[in-house]
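[1] Prediction below, plus the sequence it came from.
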Amino acid sequence: MTTTAPLADVAGSDAALRAFLHGLPGVDQVGAEQRAATLATRSIKTTAKAWALDLAVRMVDLTTLEGADTPGKVRALCAKARRPDPADPGCPPVAAVCVYPSLVATAAAELAGSGIHVASVATAFPSGQAPLEAKLADTTAAVADGADEIDMVINRGAFLTGRYRHVYEEIAAIRQACGSAHLKVILETGELATYDNVRRASWLAMLAGADFIKTSTGKVQPAATMPVTLVMLEAARDFHAASGRRVGVKAAGGIRAAKDAIRYLVMVNETAGEAWLSPDHFRFGASTLLNDLLMQRTRLATGHYSGPDYFTLD
Amino acid sequence: MPEQTTRLAVRKTYKLFIGGRFPRSESGRTYLVHDTNVALASRKDIRDAVVAARAAAPAWSGATAYHRGQILYRAAEMLEGRRDEFIALECGADDVDAAVDRWVWYAGWSDKVAQVYGNANPVAGPYFNLTAPEPTGVVGVVAPDDSPLLGLVSVVAPAIVTGNTVVVLAAENAPLPAVTLAEVLATSDVPGGVVNILTGRVTETGGWLASHADVNALDLTGVTDPALAAALEQTAAQTLTRVRRPPGLPVDWHADPGVGRMTWLLETKTVWHPKGV
């Protein structure tokens, strides 16, 4: 970090915030992509793989964000979250179930006492294009229904036009509305165009009080990529060094294979450090990933290849 | 200009056939058959082939029987076109001709097998009761050693004509006709992944195919060692895989094959539908 200003002051005014965010070192695009590609070539051997697969299962935010979601579908998803592999009681539960606000009550009732978090997207997900009042109401309703994690989207329109203070205040207001619930801030990196913007948005969200920074909504392509997550992990690491607060990172969208998940875990370990290798500080937002993780677990446990017929469709 | 020297022929590298492509073995190994290097398939090649076969299954089983038939007829044309090449691989002209005829014969069954083995069952109620044959899914096949082309065609064609997709372990000691058949299929209209052909040792790869939970049926025709056949059958039973045991006596591949190789891979679905009088 080049700046020595105490972080408390950087968001004091629009000018100070802009100066701080634009004072962040630029991301070496080629370097970041090569670093991510190199980390993806790491070979993980059997015992470590078994551990990594279980960890990845524990990091999954099992997600359903469709217009056609019903209470029945959410209940089925919650059953899967509690016991992902019905054939193996040793399989750990996932970290959270992520649903739309209107289904939070259903999920909260299903997951009561299980230790699995109830996450809800809020703030006019996925576009974030709504008045602040509506976003706050969205958030408080979800929290009141029992969500203990809120996934909000940043106002990309404001961010991309340089109105950083506006974005900051919005995140801070939602943070307030969340109360004791954790706040995950979705940067929607697919719309931020450059890695420099990803780094700035990451810092902005962390300064404003995010507990997690999350790559994407899953509704925009490209969603999570390794270089983008690398930049965010670096930001989380640097933020921790500067402020002492450990912010988590959530990679969401497009991670479908267990192999990819393990690559991400390698990157987390090598970039942010071992402290981030826990469901409290790294998550996967995914739905199809879980089945592949389960198939690979079964393959390691039984010694034969498993098939999708043995796991639930979702 | 220097004097033209004797031209060196391009030597063919015999590779695997997975998902419509010709990859080398994942392990990079080969084995020698009649002074030719042939890819030696490994566990991971089995894995890739089953993934390819599963991916191809919905479109292939969902295609109309007429369409499947047309594709198989086209494959027979290409097979005929390579007649000399197969004869050069010591398949025997008789066997090659019989293999083409066998292929055409099975192709003809594509739009007839459901008519013959499906049924409208009379029931004591105001319902139509229909029996509809459906493909089993992904079929693992161990091809016979004693007839590398005709035997191979006789086990592969009935499986795919009924809408299944196959992962074939080619005859260990005579794999070249199998790889050439793969070239025939790759240059005809058979979609990639419907037929996957692996060369190598059944003792090494057979277990992985038998234990794979995403394989629905296993044809052990080419397994000559009774102990291995029993072991593979036991392994397959763990995932409820349907198994066809090796024939007890040597098979006359030129004889009328009958319909058994098609019907054992058909699952019957019974449908009740109100008559709505």
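    Cool, the structure landed. Owing to the predicted nature of the structure, the values given are computational and were not obtained by experimental measurement.
[2] Contacts only, for the residue in chain A that chain B sits nearest to.
    In chain A, the residue that lies nearest chain B is A:Gly307 (3.0 Å; CB to the nearest CB). In this view, the C-beta of every residue, glycine as well, is placed from N, C-alpha and C. Under the criterion of CB atoms under 8 Å, 6 or more residues apart in numbering or on different chains, the neighbours of A:Gly307 are A:Met295, B:Arg54, B:His212, B:Ala213, B:Asp214, B:Val215, B:Thr239.
[3] Just the buried residues of stretch B:15-24, please?
    B:Lys15, B:Leu16, B:Phe17, B:Ile18, B:Gly19, B:Gly20, B:Phe22, B:Arg24 (16 or more other CB atoms under 10 Å in any protein chain shown).
[4] Let's have the residues you listed in TSV, adding distance to B:Gly192 and secondary structure.
    Formatted as TSV, the buried residues of stretch B:15-24 follow (distance: CB to CB, whole Å; DSSP: H, G, I helix; E, B strand; the rest coil):
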residue	distance to B:Gly192	secondary structure
B:Lys15	14	coil
B:Leu16	13	coil
B:Phe17	9	strand
B:Ile18	9	strand
B:Gly19	5	coil
B:Gly20	2	coil
B:Phe22	11	coil
B:Arg24	17	coil
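[5] Pick the one among those residues closest to B:Val167.
    Of all these, B:Ile18 has the smallest distance to B:Val167: 8.7 Å, by CB to CB.
[6] Pull up the gap between the closest one and B:Leu240, please.
    Using CB to CB, to the nearest Å, one gets 25 Å for the distance from B:Ile18 to B:Leu240.
[7] Could you give the separation of stretch B:30-43 from the chain centroid?
    What separates the centre of stretch B:30-43 from the centre of its chain is 20 Å, taken as CA atoms, centre = their mean, to the nearest Å.
[8] buried residues in that stretch?
    B:Thr30, B:Tyr31, B:Val33, B:Thr36, B:Val38, B:Ala39, B:Leu40, B:Ala41, B:Ser42.
[9] Tell me the secondary structure of the fifth one, please.
    The three-state assignment at B:Val38 reads strand, by DSSP: H, G, I helix; E, B strand; the rest coil.
[10] List the beta-bridge partners for it.
    According to DSSP bridges, the residues that bridge with B:Val38 are B:Tyr14, B:Tyr31.
[11] and it, what does it touch?
    B:Tyr14, B:Thr30, B:Tyr31, B:Leu32, B:Pro175, B:Leu176, B:Val179, B:Thr199.
[12] Max pairwise distance over the buried residues of stretch B:30-43: which two?
    Farthest-apart pair in these is B:Thr36 and B:Ser42; separation 19.2 Å (CB to CB).
[13] Tell me where chain A has helices.
    For chain A, helices defined by DSSP state H occupy the ranges A:7-10, A:14-23, A:29-39, A:46-58, A:71-82, A:104-111, A:132-145, A:156-160, A:164-178, A:195-207, A:226-243, A:258-271, A:288-302.
[14] Need these in a markdown table (columns: mean neighbour count, distance to B:Thr268 and mean pLDDT).
    A markdown table is the format used below for the helices of chain A (neighbours: other CB atoms under 10 Å in any protein chain shown; distance: least, CB to CB, whole Å; pLDDT from 0 to 100):
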| stretch | mean neighbour count | distance to B:Thr268 | mean pLDDT |
| --- | --- | --- | --- |
| helix A:7-10 | 14 | 70 | 78 |
| helix A:14-23 | 16 | 66 | 91 |
| helix A:29-39 | 15 | 51 | 95 |
| helix A:46-58 | 18 | 38 | 95 |
| helix A:71-82 | 18 | 30 | 95 |
| helix A:104-111 | 22 | 39 | 96 |
| helix A:132-145 | 18 | 48 | 94 |
| helix A:156-160 | 18 | 55 | 93 |
| helix A:164-178 | 20 | 57 | 94 |
| helix A:195-207 | 24 | 56 | 96 |
| helix A:226-243 | 22 | 48 | 96 |
| helix A:258-271 | 21 | 36 | 96 |
| helix A:288-302 | 21 | 29 | 93 |
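[15] got CSV for the ones you listed, with distance to A:Ser216 too?
    Output for the helices of chain A, formatted as CSV (distance: least, CB to CB, whole Å):
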stretch, distance to A:Ser216
helix A:7-10, 26
helix A:14-23, 20
helix A:29-39, 16
helix A:46-58, 18
helix A:71-82, 20
helix A:104-111, 21
helix A:132-145, 18
helix A:156-160, 11
helix A:164-178, 17
helix A:195-207, 11
helix A:226-243, 8
helix A:258-271, 14
helix A:288-302, 14
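[16] right, and these - which one's nearest B:Leu265?
    Per CB to CB, nearest to B:Leu265 of these: helix A:288-302, 24.9 Å.
[17] Which strands or helices does that closest one pack on?
    helix A:46-58, strand A:60-63, helix A:258-271 (3 or more CB pairs under 8 Å, 6 or more residues apart in numbering or on different chains; DSSP states H and E).
[18] If we use 6 Å, what do you get?
    Judged by 3 or more CB pairs under 6 Å, 6 or more residues apart in numbering or on different chains; DSSP states H and E, the packing partners of helix A:288-302 are helix A:46-58, helix A:258-271.
[19] got JSON lines for those helices, with distance to chain B too?
    Formatted as JSON lines, the helices and strands packed on helix A:288-302 follow (distance: least, CB to the nearest CB, whole Å):
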{"stretch": "helix A:46-58", "distance to chain B": "14"}
{"stretch": "helix A:258-271", "distance to chain B": "12"}
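[20] Reformat the ones you listed as TSV; add distance to B:Gly276.
    Listed next are those as TSV, based on distance: least, CB to CB, whole Å:
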stretch	distance to B:Gly276
helix A:46-58	49
helix A:258-271	49
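[21] Specify the helix with the largest residue count in chain B.
    Longest helix in chain B, counting by DSSP H: helix B:43-62.
[22] next one: that helix to chain centre, how far?
    12 Å.
[23] I'd like the next helix or strand past it.
    helix B:65-81 (DSSP states H and E).
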